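Undergrad: missing the sequence, but the structure's below:
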C-alpha cells in the first residue's frame, strides 16, 4: 500500500528515468519548461509538459508526473489542483502538509485530511503516505505520515517530515 521506490514503477518508471537523465534535456530548455516533479523538460509521446493557467502559477508538469488523464484541448485552460477554480480554494493559504512549502506540484489529499495538499514528490517519498491510484495520483492519504511526523525520514532527501 505504500508508494516508495516502487512508486516509479507504478508511474511507468518515469520519475527514476527522468531524474537520471535530467542533464539530457536539449539546449534551449528553460527552467520554466522543466517539470517540477521530475526535473526534466523534455516531453515524450504520451507524456506532454503541461502548464497551469492559474493566476501567477504557470506550474510546468509532465502529464504522467502529475497524473493528468486527459489533456485539455488546445484552446482550453488547464489548472493544477491548487488553482482549479471549481474547487474555490484561497491559493495563498495552500501549502504542503508534510514539508510546509507553498510552491510546486501540489495534489489534494483524501481520507481524514480532505482539505490538505501535499507535493507529489512528498507523497511519493515520505514514508507512510498511501496513494490509492498511482496513475492519476488521486486518493492520497497522509494521516499516518502526519501522526508519525518527525519519526521517519524521506526516502529521497533524508529530511524528517514537519
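TA: That came through fine. Only a predicted model underlies this, so the values are computations on that prediction, with no experimental measurement involved.
Undergrad: a strand runs through residue 72, doesn't it?
TA: No - applying DSSP: H, G, I helix; E, B strand; the rest coil, one finds residue 72 to be coil, outside a strand.
Undergrad: Can you name the residues that contact it?
TA: By Cβ atoms under 8 Å, 6 or more residues apart in numbering, residue 72 lies in contact with 50, 78. (Each C-beta comes from the backbone N, C-alpha and C, glycine too.)
Undergrad: go on, the one 5 residues further on?
TA: With Cβ under 8 Å, 6+ apart as the criterion, the residues that contact residue 77 are residue 53.
Undergrad: distance of it from residue 112?
TA: In this view, residue 77 and residue 112 are 32 Å apart by Cβ to Cβ, to the nearest Å.
Undergrad: give the contact list for the residue nearest the centre of the chain.
TA: Of all residues in the chain, the one closest to the mean position by Cα atoms, centre = their mean is residue 120, 2.6 Å from it. Shown in contact with residue 120 (Cβ under 8 Å, 6+ apart): 37, 65-67, 104-107, 137.
Undergrad: Mind doing that once more with 10 Å?
TA: Counting by Cβ atoms under 10 Å, 6 or more residues apart in numbering, residue 120 touches 7, 11, 15, 35-38, 61, 65-67, 96, 104-107, 131, 137, 140.
Undergrad: So which residues of this protein form strands?
TA: For the chain, applying DSSP state E gives strands covering 49-51, 60-62, 106-108, 117-119, 130-133, 138-141.
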